[in-house]
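K.L.:
predicted structure and sequence below. I'll ask about it afterward.
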Amino acid sequence: MSREEINALPIKKWHGPTHLISCKEQLQHAISILKKNHVLGFDTETRPAFRKGQQYLPALLQLATEKEVFLFQLKQIGLPESITALLSNRTISKVGVAITDDVQGLQKVTHFSPAGFIDLAKLGKTLSIQHFGLRGLAAATMGIRIPKSKKITTSNWAKKDLSPGQIQYAATDAWIGREIFLRLNNK
């Protein structure tokens, strides 16, 4: 599909329940729901660096189930053992695009042994899909376009108060990864 063909597709965003986890008291409920799922959409967001040599740790971890999305504000809660246990669980698939960098970034926050991660770009290549990014895979597998705003992608994800646009963007990225995986898995 060309860029023009993708841009002509209908836009789809996540509109279900989204939980912003910014304190440790909210963790137990979120983890109890996430542990009951066999497939989770996975992504992270990191504050962008605009100077050479400048780097930041991931600020947001997104995990999506079929019915809800959880956004963990890592600057506020860190990466507690309950989350790393989930990220190390082989029986729960965590699916997303270009996840190697995301996992490496999370390991800089807290070391853990990642397991159960599936990169949709690699899976798409094995099925001869030409588009490897989240937007291209959504177009190729679902016939939809997910919005990508440079203003939001380059925004400060480490802020305590995320904007509604940031929240919806982050939730959409985790949700769509899960949906793409389910469609690719059926192929």
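P.N.:
Sure thing, it's come through.
K.L.:
contacts, neighbours, all on C-alpha from now
P.N.:
Will do.
K.L.:
helices and strands of this protein: which one has the lowest mean pLDDT?
P.N.:
helix 150-153 (a mean of 80; mean pLDDT, DSSP states H and E).
K.L.:
in it, what's buried?
P.N.:
The neighbour-count check on helix 150-153 (16 or more other CA atoms under 10 Å) flags Thr153 as buried.
K.L.:
next one: stretch 94-112
P.N.:
Across stretch 94-112, burial judged by 16+ other CA under 10 Å covers 94-99, 102-107, 109, 112.
K.L.:
span of that stretch from start to end?
P.N.:
Its start and end residues considered, stretch 94-112 measures 15 Å (CA to CA, to the nearest Å).
K.L.:
same check on stretch 143-153?
P.N.:
Using CA to CA, the end-to-end distance of stretch 143-153 comes out at 23 Å.
K.L.:
what's opposite Leu20 in the beta bridge?
P.N.:
Beta-bridge pairing of Leu20 under DSSP bridges involves Leu71.
K.L.:
quick one, what contacts it?
P.N.:
Phe70, Leu71, Phe72, Gln73 (CA atoms under 8 Å, 6 or more residues apart in numbering).
K.L.:
how about the strands in the protein?
P.N.:
Ranges of strands within the chain are 18-21, 39-46, 58-64, 69-73, 93-96, 117-119, based on DSSP state E.
K.L.:
any chance of these in JSON lines, plus distance to Lys125 and mean pLDDT?
P.N.:
Conversion of the strands of the chain to JSON lines gives the following (distance: least, CA to CA, whole Å; pLDDT from 0 to 100):
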{"stretch": "strand 18-21", "distance to Lys125": "31", "mean pLDDT": "97"}
{"stretch": "strand 39-46", "distance to Lys125": "19", "mean pLDDT": "97"}
{"stretch": "strand 58-64", "distance to Lys125": "23", "mean pLDDT": "97"}
{"stretch": "strand 69-73", "distance to Lys125": "27", "mean pLDDT": "98"}
{"stretch": "strand 93-96", "distance to Lys125": "14", "mean pLDDT": "97"}
{"stretch": "strand 117-119", "distance to Lys125": "10", "mean pLDDT": "95"}
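K.L.:
shaky segments in this protein?
P.N.:
131, 187 (pLDDT under 70).
K.L.:
just give me the longest helix of it.
P.N.:
helix 164-186 (DSSP state H).
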